[in-house]
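S.K.: Make a model of this:
(one chain, ligands or ions: 2)
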Amino acid sequence: MELLRCENVTKKYGSGTLMVTALDHVNLSVQKSEFVTIVGPSGSGKSTLLHLLGGVDRPTEGKIFIEDIDIATLNEEQLAVFRRRKVGLIYQFYNLIPTLNVRKNILLPILLDSRKPDEQRFAEIVDTLGLSDRLNHFPWQLSGGQQQRVAIGRALIYRPAILLADEPTGNLDRKNSEETLELLKLSNKYFQQTVLLITHDEKLALEADRIITIEDGIIISDEAVRK
Ligand code: ADP
Ligand code: ADP
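M.R.: Ligands and ions are numbered 1, 2, ... in the order given. This is a model prediction of the structure:
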């Protein structure tokens, strides 16, 4: 089943002589449960692509469909709901809320919707992430690896259509990087979570089903990983 489709997606920043074409007519289709990595040099448009897919920014041209919804048709309010429920975003610097404990950081998208948490789902997530004994801790009381696990929990709590991860291991040592990758793979394998991961670590990229390479805003290769 096709989960995501980009049709001729172009993103330009600025105007006139300062205009930058960050993405240039990108076409892309991702199936449900795929684990895809995106690689390419710095400045090639990887983060821009993730931001567009996550509804954080809008394309200059072209269309993006997620679960057959054309996200350009969503107004600001609908887009905010889409961001909370349909996509899970993970960044290099965890972006946790410092004044909230682990439980509330993970439940944030649900609390923002003024909904009652699904405690079974919450327990499943914190068990899988090994955070059960840290629920009352605040972000500053956690290691980098633990903070990233909280961010993964927050991204997954709503069972998003797609998990979008932008260099999530960029700030972690080898051991924590491997652990974080294992958790992304676990969510892919056991929850059939579709994952799109940006990395410049080639070894890490090879763990995916498929590697997309972007250069100067263009997809220059898109290949299945032979296992
Ligand atoms: P990558 O993630 O591959 O490093 P980016 O998507 O961050 O690449 O950037 C692609 C291009 O778009 C770069 O030339 C970058 O300078 C430019 N760019 C990214 N964000 C902005 C912005 N907010 N304003 C202007 N230019 C930007
Ligand atoms: P805004 O329109 O100001 O981005 P949102 O309601 O989308 O408001 O989000 C409010 C805050 O909640 C944001 O600062 C963001 O960091 C966080 N947030 C939004 N969506 C998610 C999500 N899916 N997972 C985790 N945190 C989220």
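
S.K.: Tell me the residues of this protein that contact ligand 2?
M.R.: Proximity of the chain to ligand 2, by C-beta under 6 Å from any ligand atom, involves residues A80, R83, R84, G88, N95, L108, P109, L112, R154, A155. In this view, the C-beta of every residue, glycine as well, is placed from N, C-alpha and C.

S.K.: To what extent is E119 buried, counted in neighbours?
M.R.: Using other C-beta atoms under 10 Å, E119 is surrounded by 9 other residues.

S.K.: mind checking how far it is from L135?
M.R.: 12 Å (C-beta to C-beta, to the nearest Å).

S.K.: about what we covered before: most neighbours, which of the residues of the chain next to ligand 2?
M.R.: The most crowded member of these, judged by other C-beta under 10 Å, is G88 (27 neighbours).

S.K.: Spit out the contact partners of it.
M.R.: I152, R154, A155, L156, Y158, P160, I162, L163, L164 (C-beta atoms under 8 Å, 6 or more residues apart in numbering).

S.K.: Is it bridged to anything, and to what?
M.R.: Counting by DSSP bridges, G88 forms beta bridges with L163.

S.K.: The helix or strand of the chain with the lowest mean pLDDT near ligand 1 at all?
M.R.: Least confident element among the helices and strands of the chain, by mean pLDDT, DSSP states H and E: helix 202-205 (a mean of 86). No - Helix 202-205 is not in contact with ligand 1 by C-beta under 6 Å from any ligand atom; minimum separation 13.7 Å.

S.K.: Pull out the buried positions in that helix.
M.R.: Buried positions in helix 202-205, judged by neighbour count with 16 or more other C-beta atoms under 10 Å: L204, A205.

S.K.: Report all helices and strands that it contacts.
M.R.: Contacts defined by 3 or more C-beta pairs under 8 Å, 6 or more residues apart in numbering; DSSP states H and E place helix 202-205 against strand 35-39.

S.K.: Convert the least confident helix or strand of the chain to PDB, retaining C-alpha atoms only.
M.R.: Extracted C-alpha coordinates of helix 202-205, given in PDB (Å, rounded to 0.1, in the frame of the first residue of the first chain):
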ATOM      1  CA  GLU A 202      26.700   5.100   5.500                       C
ATOM      2  CA  LYS A 203      26.900   2.100   7.800                       C
ATOM      3  CA  LEU A 204      23.600   3.200   9.400                       C
ATOM      4  CA  ALA A 205      22.000   3.800   6.000                       C
END
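
S.K.: Do a quick rundown of the strands in the chain.
M.R.: All strands of the chain, identified by DSSP state E, fall at 2-13, 20-31, 35-39, 61-66, 69-70, 87-90, 162-166, 194-198, 210-215, 218-224.

S.K.: excluding its backbone neighbours, what's nearest Q192?
M.R.: S33 (4.4 Å; C-beta to C-beta, 6 or more residues apart in numbering).

S.K.: is it true that L52 touches L23?
M.R.: Yes - at 7.4 Å, L52 counts as touching L23 under the criterion of C-beta atoms under 8 Å.

S.K.: Centre-most residue in this protein?
M.R.: L164 (1.3 Å; C-alpha atoms, centre = their mean).

S.K.: Quick one: residues contacting that one.
M.R.: With C-beta under 8 Å, 6+ apart, L164 has these contacts: L50, L53, G54, V87, G88, L89, I90, L196.
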